[in-house]
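A.B. asks: Dropping the sequence and predicted coords here.
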Amino acid sequence: MRIVVCVKEVMDPDAVNNYAVAGRLEIGEDGKTLTQTAIPRLMNGYDEQAIEAALRLRDEGADFTLAVISAGSDPEKMLKHAAALGAQELVAIQVDPESLDQQAFARLLAAQIETMGGADLVLCGRQASDDDQGVVPALIGEQLNMPVITVARAVALLDNQVRVTRVTSDGDQVVAAACPAVVTISNELGDPRYPSAAAKVKARRIKPTVVQPSDLGLSPEDIAPRVMLTRQFVPEVQGNCEFIQGEVAQMADSLIERLKADSIL
Amino acid sequence: MSENAVVVCTFEPGREGLPEGAEEILHIGRGLATALSAPLHWLILGPLPDRASATAGHYGVSSLQQMEDPKLLPSNADACVAALSGYCSDQAPQAVLLHQTLDARIVAPRVAGRLNKAVVMNGISIEPNGENLQLTASAYGGDTRVIYEVGPGPILSFIANAAVPDPSEGDPVSVENISCDLSEITERIEIIEQARFDGPRLDDAEIIVSGGRGLGSVDNYPLIEQLAEAMGGLAGASRPLVDEGWVDSSHQVGLTGRITRPNLYVAIGISGASQHMAGCSAAKTLVAINRDEDAAIFQYARYGLVGDALELIPELIRAVRDR
Ligand SMILES: Cc1cc2nc3c(=O)[nH]c(=O)nc-3n(C[C@H](O)[C@H](O)[C@H](O)COP(=O)(O)OP(=O)(O)OC[C@H]3O[C@@H](n4cnc5c(N)ncnc54)[C@H](O)[C@@H]3O)c2cc1C
């Protein structure tokens, strides 16, 4: 049995937030990319949780090969982290991310999964914290003709079935599907583990397999984008906040008075 | 071929006679159809919402279309994908627009994958740009906006949460039935346990009082619940409170929690990170309570109270009860 986790490298979203909250987030000359080169790049948090979901299946006794794959310009560091966590197969698909769209990424990842002999379960993060798109898992599902189950809080394997607890606005829902299937992981899964120091040292020597789109039988036309990012900007918030002054009790009374006057309460 | 329609697709019966977000997405569809001089069609998968005909009239829908089949339920992704893909292959719409529900987030990309079309989520607005369409979407949890140029016949999903202006008058539109054959479709996903809908949902609440990390300790969260109750609303929270296990995840407001659109949102001890705002910026009135007068949340607020949450909340509870 093989479980494949697809991972993406992103700018640390908390650092991006800190710049944004401080009003210092800037877009570069190209009009597309953030200028803050000091922001560290790391594995998308939900993808890290997807690896965690696989590791929990292993903790529970499931016997499988864990493959972690990524398409990007330099996913090596991220894949070594995955190796330190216990991934046995690591594949870096070498592409220039700027020139691709989500359909292309899904094609590359799906082709890689087929090339390595298929997967019984494909785990992905629910979305990437940079573009927030979250469409690659569903596109992979279509490519590989697998059902797609989103926003998992918990994943279990029973015989040849995957059973998933999903987070919905009406509460948790439990669904099941026969493997192979694509499952996306939500933050409710909980914190991912850290690799041990020894595992990290060992992982340093591991080299991911590097493949090109052509190795996967994909031509430039096959991965030509249908969606192009042409511009990125920082939205302006026009504040018109009325600060209510006074002692604590006064403030409370004035606020409630105003809300009543505005017929909000 | 400008006669090809702009299509709004919905596939939820909705709670008040209209699918969630239907008016918002029809408003966006109306704007795009006008800009392209194209007809606006509304495709309904599954049962007809009560207010569909009248609402279609208000938004200038020229054709209200329904695909009916017992298999067409929002949770039946395989059936919905087959129906919508079949429709797109037959009708070649200029664009298909959906309101971004959890189910739409699965159906939209799967249809795009099947048809090899462009797909974009988190749309905010759309306009023509030469031969193509240009879509503005939210990214980085709302910290930035991105503009995407999308190829022909895209499947586009919108987080349409801004207030929609009152629509114009218009005669009800009669329903046209579009045939679909789903006899071959067997859902591959089985629902073992339905989500238990216990009590009111934040998504539908008119008044929400949310607490954040500024509350300091789990012991203080009941103050939020008491104020919410006094105001006749529901209690929400920012993500750290969920991560810490103070409240369960059904209370989380934000990008990866509940997307709310109340009349009144009271944010207490919440800094105003974009990922939180993604779940409450559609509130008609936002009140922020924070001890830091420079907190980002005040940029979004109508009324601001600078002070200690733990001192202010009891006074607010008293003031609400007094009146
Ligand atoms: C991919 C991703 C998705 C995310 N999704 C969500 C989401 O869905 N929802 C969400 O909420 N967050 C989400 N986050 C987290 C988000 O970025 C913020 O970290 C989070 O919203 C901060 O919560 P907070 O405002 O409660 O805490 P903080 O940012 O720590 O703010 C606490 C505030 O309380 C104030 N304060 C402190 N003490 C007091 C006091 N005694 N009285 C009054 N005020 C006080 C402080 O001045 C401060 O402004 C997400 C993050 C990422 C990266």
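C.D. replies: Yes, it's here.

A.B. asks: Of all residues in the stretch 51-200 of chain B, which one is closest to the ligand?
C.D. replies: Of all residues in the stretch 51-200 of chain B, the one sitting closest to the ligand is B:Gly141 (5.4 Å; Cβ to the nearest ligand atom). All C-beta spots, glycine's among them, are computed from the backbone N, C-alpha and C.

A.B. asks: With adjacent residues omitted, what lies nearest to B:Tyr221?
C.D. replies: Among residues not flanking B:Tyr221 along the chain, B:Trp246 sits closest, at 5.4 Å (Cβ to Cβ, 6 or more residues apart in numbering or on different chains).

A.B. asks: Kindly report the same for A:Ala154.
C.D. replies: A:Thr165 (4.2 Å).

A.B. asks: List phi and psi for that neighbour.
C.D. replies: Per-residue torsions, A:Thr165: phi -90, psi 120 (degrees, to the nearest 10).

A.B. asks: how far away is it from B:Gly153?
C.D. replies: 36 Å (Cβ to Cβ, to the nearest Å).

A.B. asks: Between those two, which has more neighbouring residues?
C.D. replies: Neighbour totals were compared for A:Thr165 and B:Gly153, and B:Gly153 leads with 22 against 19 (other Cβ atoms under 10 Å in any protein chain shown).

A.B. asks: Which stretches in chain A count as strands?
C.D. replies: A:2-6, A:9-11, A:41-43, A:65-72, A:89-94, A:121-125, A:148-158, A:161-168, A:171-178, A:181-185, A:209-211, A:227-233, A:242-243 (DSSP state E).

A.B. asks: Now render those as TSV, adding mean pLDDT.
C.D. replies: Listed next are the strands of chain A as TSV, based on pLDDT from 0 to 100:
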stretch	mean pLDDT
strand A:2-6	98
strand A:9-11	96
strand A:41-43	95
strand A:65-72	97
strand A:89-94	97
strand A:121-125	98
strand A:148-158	97
strand A:161-168	96
strand A:171-178	95
strand A:181-185	98
strand A:209-211	97
strand A:227-233	96
strand A:242-243	97
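
A.B. asks: returning to that earlier point: ok, the residue nearest to A:Ala154 touching A:Ala176?
C.D. replies: No. Judged on Cβ atoms under 8 Å, A:Thr165 makes no contact with A:Ala176 at a distance of 10.5 Å.

A.B. asks: Name the residues of the stretch 1-150 of chain B found near chain A, please.
C.D. replies: B:77-78, B:102, B:105-106, B:108-110, B:112-114, B:116-122, B:134, B:138-150 (Cβ under 8 Å from any Cβ of the partner chain).

A.B. asks: wouldn't A:Pro192 be in contact with A:Ala53 here?
C.D. replies: No. Between A:Pro192 and A:Ala53 there is no contact under Cβ under 8 Å: 9.0 Å.

A.B. asks: The two: who's more crowded?
C.D. replies: A count of neighbours by other Cβ under 10 Å puts A:Ala53 above the other of A:Pro192 and A:Ala53, at 25 against 19.

A.B. asks: helix, strand or coil for B:Ser125?
C.D. replies: Secondary structure state of B:Ser125, per DSSP: H, G, I helix; E, B strand; the rest coil, is strand.

A.B. asks: For chain B, just list every one of the helices.
C.D. replies: B:22-36, B:52-58, B:77-91, B:104-115, B:221-231, B:239-243, B:274-277, B:297-300, B:309-322 (DSSP state H).

A.B. asks: for those, which one sits closest to A:Met116?
C.D. replies: Checking these against A:Met116 by Cβ to Cβ gives helix B:104-115 as the closest, at 20.5 Å.

A.B. asks: Touching the closest one from outside, list them.
C.D. replies: A:102-103, A:106, A:134-135, A:138-139, A:141-143, A:148, A:150, B:11, B:77, B:80-81, B:84-85, B:88-89, B:96, B:98, B:117-119, B:121, B:153-157 (Cβ atoms under 8 Å, 6 or more residues apart in numbering or on different chains).

A.B. asks: Emit the ChimeraX select command for whichever of those are buried.
C.D. replies: To isolate the buried ones among these in ChimeraX, judged by 16 or more other Cβ atoms under 10 Å in any protein chain shown, type:
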select /A:102,103,106,134,135,138,139,141,142,143,148,150 /B:11,77,80,81,84,85,88,96,98,117,118,119,121,153,154,155,156,157
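
A.B. asks: helices and strands of chain A: which one has the lowest mean pLDDT?
C.D. replies: Lowest by mean pLDDT, DSSP states H and E among the helices and strands of chain A is helix A:13-21, with a mean of 91.

A.B. asks: since we're on whichever residue of the stretch 1-150 of chain B sits closest to chain A, how many residues are nearby?
C.D. replies: Chain A sits closest to B:Gly113 of the stretch 1-150 of chain B, with a gap of 3.2 Å, by Cβ to the nearest Cβ. Here the number of neighbours of B:Gly113 (other Cβ under 10 Å) works out to 27.

A.B. asks: so how many other residues sit close to A:Asn160?
C.D. replies: For A:Asn160, the tally of surrounding residues (other Cβ under 10 Å) stands at 10.

A.B. asks: Low-confidence ranges, the stretch 1-150 of chain B, go.
C.D. replies: Within the stretch 1-150 of chain B, the segments meeting pLDDT under 70 span B:1-3.

A.B. asks: So which residues on it come close to the ligand?
C.D. replies: Counting by Cβ under 6 Å from any ligand atom, the stretch 1-150 of chain B comes close to the ligand at B:Gly141.

A.B. asks: before we move on, back to that, ok, now how distant is the residue nearest to B:Tyr221 from chain A?
C.D. replies: Distance of B:Trp246 to chain A, computed by Cβ to the nearest Cβ, to the nearest Å: 14 Å.

A.B. asks: Return the backbone torsion pair for that residue.
C.D. replies: Note on B:Trp246: backbone dihedrals following degrees, to the nearest 10 are phi -70, psi -40.

A.B. asks: pretty sure it is in contact with B:Asp219, am I right?
C.D. replies: No. Applying Cβ under 8 Å as the test, B:Trp246 and B:Asp219 come out as separate, 9.3 Å apart.

A.B. asks: Please work out which residue of the stretch 51-200 of chain A is closest to chain B.
C.D. replies: Closest contact between the stretch 51-200 of chain A and chain B, by Cβ to the nearest Cβ, is at A:Glu142 (3.2 Å).

A.B. asks: so what's that residue up against?
C.D. replies: By Cβ under 8 Å, 6+ apart, the contact list for A:Glu142 reads A:Ala106, B:Pro109, B:Arg110, B:Gly113, B:Arg114.

A.B. asks: Could you find the closest non-adjacent residue to it?
C.D. replies: A:Glu142 sits nearest to B:Gly113 (Cβ to Cβ, 6+ apart), 3.2 Å away.

A.B. asks: A:Asn160 too?
C.D. replies: Spatial nearest neighbour of A:Asn160, excluding adjacent residues (Cβ to Cβ, 6+ apart): A:Cys179 at 5.2 Å.

A.B. asks: Next one: that neighbour, what pLDDT does it get?
C.D. replies: On the pLDDT scale, A:Cys179 is placed at 98.

A.B. asks: what's the burial count for it?
C.D. replies: Using other Cβ under 10 Å, A:Cys179 has 17 neighbouring residues.

A.B. asks: I'd say it and A:Gln161 touch.
C.D. replies: Yes. Here A:Cys179 reaches A:Gln161: they are 6.7 Å apart, a contact under Cβ under 8 Å.

A.B. asks: how close does the residue of the stretch 1-150 of chain B closest to chain A sit to B:Leu133?
C.D. replies: Counting by Cβ to Cβ, the gap from B:Gly113 to B:Leu133 is 19 Å.

A.B. asks: What of B:Ser37?
C.D. replies: Noted for B:Ser37: a distance of 14 Å to B:Leu133, by Cβ to Cβ.

A.B. asks: Also B:Leu316?
C.D. replies: Going from B:Leu316 to B:Leu133 by Cβ to Cβ gives 47 Å.

A.B. asks: Mind checking which of those two has more residues around it?
C.D. replies: The neighbour count for B:Leu316 versus B:Leu133, taken as other Cβ under 10 Å, is higher for B:Leu316 (28 against 25).
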